[in-house]
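Undergrad: Take this sequence and fold it.
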Amino acid sequence: MQVSIDMGESRGTGPAHMDLEELLATRLLVQGNSGSGKSHLLRRLLEQSAPWVQQCIIDPEGDFVTLSDRYGHLVVDAARTDNELTRIAARVRQHRVSVVLNLEGLDVEQQMRAAAAFLGGMFDADRDYWYPVLVVVDEAQLFAPAAAGEVSDEARKLSLGAMTNLMCRGRKRGLAGVIATQRLAKLAKNVAAEASNFLMGRTFLDIDMARAADLLGMDRRQAEQFRDLARGHFVALGPAISRRPLPVIIGDVETSARSTSPKLTPLPEAPADAADLIFTQAPEELSRPVVRRPPPPPPPSTNELLAQVAKARAEATPEPISLFPEIDEAEREAQIASVMAELLSDPDAGFRTTAVLYQDFLVRCRIRRVPGEPPALPAFKRLLAVARVAPDETTASSDGWQQALALSATLTDDVQGVFLVLAQAALTAQPCPSDATLARLYGTHSSSRARRLLTWFEERGLIVLRTDFRNQRIAAFPDLSCETAPGDPAGPDAMADLRGAAE
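TA: This is a model prediction of the structure:
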């Protein structure tokens, strides 16, 4: 069903209509300086579309609450908890009630949190209630700022995330965003970029005029016309309005805002007893206490600042004596090493995922009653890489092995074990491990993946590969000043052979 909304008049072409169904699918952005008529435009849009579609207005100044008297909008006071607002928003979508979220009286951060909670509740509604809703956000630069301001980062992220969901992902959930802003430069670009329909009003700053002209497909010379637009005059473009920039004069509205633009009125005649009126307290004022702000403390002198800098730090409070016996770290590390050795004794351990091995490790630690907190997953991955190598005491205490451990720490967790096995073979002058052995350490049965991993090590400058006259592979480590003995790349899996002999 096609519904056309009468927005007013267009110069020379008659009435200016907006396709409501197309608007629900393509969203709308309204821009104009204060006093350009943005709120009047939104009110015209809301009044004309009220009989056809459910509406939700995010109202930071309480200007749209008057819609409740004429069109039956339910006014929701935002002075509630976030959970209450989220649940109310879900019921709004369920029962298809048009509402005005009145944010008047809240500071900016509270407004951002309340709007985020309400929009989040509408966005997360059940699929059965994804009916079309026209979501109008006045002063959108408050809820989707382009840069961080005086509010906390948490409130800004919540509000910006809710606005991004509305404009980027809301269409499939039936939410059609209509956002109005005083300045495009203050509005987050990822929010503004999702609108396909535009109504640009009077603006004076060059950066805003340039962005408005760019959105309307106009050149920079035509951007000057935005300075000359009168109140209530806009330039429209979009699939729901016009395929070409169209000047529009917004029509009249049936309701009015509670706050209006200030009008000049003549001053009253000066009374003869003006001094008595000003300096004499009224009876009701006597019952109200006079609250005076305390004067600010004087700034500290230079001597006081120097004394504070030179003042010694207070002695640290001694830690209370624990009622439990202290954990012997050496004994704990020995138990963890024993658990790791037992874990890797399984022939299939090399082909099990790290997550499965970690769960098995935690169970074994509980069985052995290892004191203290078990190592976290990143620390376990490091222990697993070292345990798969298990060098002897002489190698483990050498400077070359310590340097190899430092080099392996720069690699990802899944390749550290392979690198350490190669480093151990180089430090002990053992043959270069075969592709099958490296594949098992890498957790795969593919020898080609092991060869690609060696090539990746070589590209990073960690090793240098070469072959002798018998096509035996040698891996040299420039940082360790050592290299492996020649080894057959196509040889068997040495780790499987050692475990089979042990069994």
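Undergrad: Start and end of stretch 138-145, how far apart?
TA: One end of stretch 138-145 sits 13 Å from the other (Cα to Cα, to the nearest Å).
Undergrad: where's the closest residue to residue 427 other than its chain neighbours relative to residue 421, distance?
TA: Excluding the flanking residues, the one nearest residue 427 by Cβ to Cβ, 6 or more residues apart in numbering is residue 400, at 4.9 Å. (Glycine included, C-beta is placed from N, CA and C.) Note on residue 400: its distance to residue 421, by Cβ to Cβ, to the nearest Å, is 14 Å.
Undergrad: before we move on, what about residue 182?
TA: Residue 182 is 64 Å from residue 421, by Cβ to Cβ.
Undergrad: more neighbours, these two?
TA: With neighbours defined as other Cβ atoms under 10 Å, residue 182 and residue 421 compare such that residue 421 has more, 24 against 21.
Undergrad: which strands and helices sit next to the helix or strand hosting the more buried one?
TA: Using DSSP states H and E, residue 421 maps to helix 413-427. When contacts are defined as 3 or more Cβ pairs under 8 Å, 6 or more residues apart in numbering; DSSP states H and E, helix 413-427 packs onto helix 377-387, helix 399-408, helix 435-442, helix 447-459, strand 473-477, strand 482-483.
Undergrad: okay, the ones you listed, which one's buried deepest?
TA: Mean neighbour counts were compared across the helices and strands packed on helix 413-427 using mean count of other Cβ atoms under 10 Å; the top stretch is helix 435-442, at a mean of 23.
Undergrad: gap between that one and the chain center?
TA: Its chain's average C-alpha position is 40 Å from that of helix 435-442, according to Cα atoms, centre = their mean, to the nearest Å.
Undergrad: And stretch 104-123, by the same measure?
TA: The answer for stretch 104-123 is 17 Å, by Cα atoms, centre = their mean.
Undergrad: May I see the buried residues of stretch 91-104?
TA: 92, 93, 97, 98, 99, 100, 101, 102, 103, 104 (16 or more other Cβ atoms under 10 Å).
Undergrad: Closest one to residue 456 out of those residues, please.
TA: Minimum separation from residue 456 among these (Cβ to Cβ) is found for residue 93, which lies at 51.4 Å.
Undergrad: ok, for that closest one, nearest residue in space, not its chain neighbours?
TA: Residue 93 sits nearest to residue 125 (Cβ to Cβ, 6+ apart), 4.1 Å away.
Undergrad: Look at the one you found and report its pLDDT.
TA: On the pLDDT scale, residue 125 is placed at 89.
Undergrad: Please shift the residue numbers so they start at 693 in all later answers.
TA: I'll keep to 693 as the first residue from here, and by that count the last item is residue 817.
Undergrad: can you pull the contacts of it?
TA: 781, 782, 785, 786, 865 (Cβ atoms under 8 Å, 6 or more residues apart in numbering).
Undergrad: Hmm, the second one is touching residue 811, no?
TA: No. With contact defined as Cβ atoms under 8 Å, residue 782 does not reach residue 811; the gap is 11.7 Å.
Undergrad: With neighbour numbers in mind, choose between those two.
TA: residue 811 (29 against 19).
Undergrad: okay but that one is in contact with residue 852, surely?
TA: No. Contact between residue 811 and residue 852 fails when scored by Cβ under 8 Å: they sit 11.0 Å apart.
Undergrad: re earlier: read off the pLDDT value for the residue nearest to residue 1119.
TA: 86.
Undergrad: Helix, strand or coil: sort out the most centrally placed residue in the chain for me.
TA: When the chain is reduced to its mean C-alpha position, the closest residue under Cα atoms, centre = their mean turns out to be residue 849, at 5.8 Å. Secondary structure, DSSP: H, G, I helix; E, B strand; the rest coil: residue 849 is helix.
Undergrad: Roughly how far does residue 820 sit from residue 809?
TA: According to Cβ to Cβ, residue 820 stands 22 Å off from residue 809.
Undergrad: scratch that, residue 1134
TA: 47 Å.
Undergrad: Phi first, then psi, for residue 995.
TA: Phi and psi for residue 995, reported as degrees, to the nearest 10, are phi -60, psi -40.
Undergrad: Which one's more surrounded, residue 820 and residue 809?
TA: Using other Cβ under 10 Å, the more surrounded residue of residue 820 and residue 809 is residue 809, with 24 against 8.
Undergrad: My guess is the more buried one contacts residue 777. True?
TA: Yes. Look at residue 809 against residue 777 with Cβ under 8 Å: they come within range, at 4.2 Å.
Undergrad: okay, now the domains of the protein?
TA: Using automatic domain parsing, the domain parsing of the chain gives 696-942, 1021-1079, 1082-1195.
Undergrad: Figure out which of the ones you listed is closest to residue 993.
TA: Short answer: domain 696-942, nearest of these by Cβ to Cβ, at 30.8 Å.
Undergrad: what's the span of that closest one, first residue to last?
TA: Rule used - Cα to Cα; the end-to-end distance of domain 696-942 is 15 Å.
Undergrad: looking at it, the residue nearest to residue 1119 is touching residue 1172, isn't it?
TA: Yes. The pair residue 1092 / residue 1172 is scored as a contact, 5.0 Å apart, by Cβ under 8 Å.
Undergrad: Mutual contacts of the two, please.
TA: Overlap of the contact sets of residue 1092 and residue 1172 (by Cβ under 8 Å, 6+ apart) consists of 1115, 1119.
Undergrad: Show me the helices in the stretch 943-1092 of the chain, by range?
TA: 966-971, 975-978, 994-1002, 1021-1036, 1046-1059, 1069-1079, 1085-1088, 1091-1100 (DSSP state H, counting those that start in this stretch).
Undergrad: so which of those comes closest to residue 709?
TA: Between residue 709 and those, the shortest gap by Cβ to Cβ is with helix 975-978, which sits at 54.8 Å.
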